[in-house]
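Chemist: can't give you the sequence, but here's the structure:
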């Protein structure tokens, strides 16, 4: 859905969009596995700078929810997670802040995004919100046993035939440190 400045000049735009699984491209490591539901309102805010300069900002307030699939950070098995997020965003025309001295950025200015042309795509906004909502590492379960560093077998499915790791001699000086600290 394209949120057009021309339409926003007439009235606010309410949206309630649903995107089928796999519709929104989230990159190589992440997949949209459930329907992406979104609802909210887009409004136009005119920011006056000086006597004749008016900047048209787009304000988006809404919420979204979907299910994503990502590889477990330990064993690489696919993990499904629900993602839901409310948002209140402000977008300015790209280049509108160019030339302004940037000695410090306030918290409000850090939350400003930029759009090109005559508006912005809702899909781009939702993609960004999904990526911001997921944690850096997702594991399938807390007791995940990882992959064998030698053969690559998923140790959750059973042991492998690799010999146990030998201790690196460079760490031998620290070997008894844990026992000493626990006493």
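Modeler: Alright, I've got the coordinates. The structure presented is a predicted model; accordingly, all values stated were derived computationally and were not measured. Numbers count the residues shown, from 1 in each chain.

Chemist: Would you mind giving the secondary structure of the residue positioned nearest the centre of the chain?
Modeler: Nearest to the geometric centre of the chain sits residue 131, at 1.3 Å (Cα atoms, centre = their mean). Of the three states, residue 131 takes helix under DSSP: H, G, I helix; E, B strand; the rest coil.

Chemist: Find the nearest non-adjacent residue to it, please.
Modeler: With Cβ to Cβ, 6 or more residues apart in numbering as the criterion, residue 131 has its nearest non-adjacent residue at 6.9 Å, and that residue is residue 26. For every residue, glycine as well, the C-beta is placed using N, CA and C.

Chemist: Tell me the confidence at that neighbour?
Modeler: The model reports residue 26 with a pLDDT of 93.

Chemist: and what of residue 181?
Modeler: The score at residue 181 is 84. That number is its pLDDT.

Chemist: and what of residue 108?
Modeler: You'll see residue 108 listed with a pLDDT of 54.

Chemist: Tell me where this protein has helices.
Modeler: Assigned by DSSP state H, the helices in the chain fall at 5-10, 107-110, 122-133, 177-182.

Chemist: Kindly report which one of those helices carries the lowest mean pLDDT.
Modeler: Note on these: lowest mean pLDDT is at helix 107-110, with a mean of 55.

Chemist: wait, which of the helices of the chain is closest to residue 140?
Modeler: When the helices of the chain are compared by Cβ to Cβ, helix 122-133 sits nearest residue 140, at 18.8 Å.

Chemist: show me the residues around residue 91 that make contact.
Modeler: Neighbouring residues of residue 91 by Cβ atoms under 8 Å, 6 or more residues apart in numbering: 57-60, 112-115, 120.

Chemist: For residue 25, see how far away it is.
Modeler: 20 Å (Cβ to Cβ, to the nearest Å).
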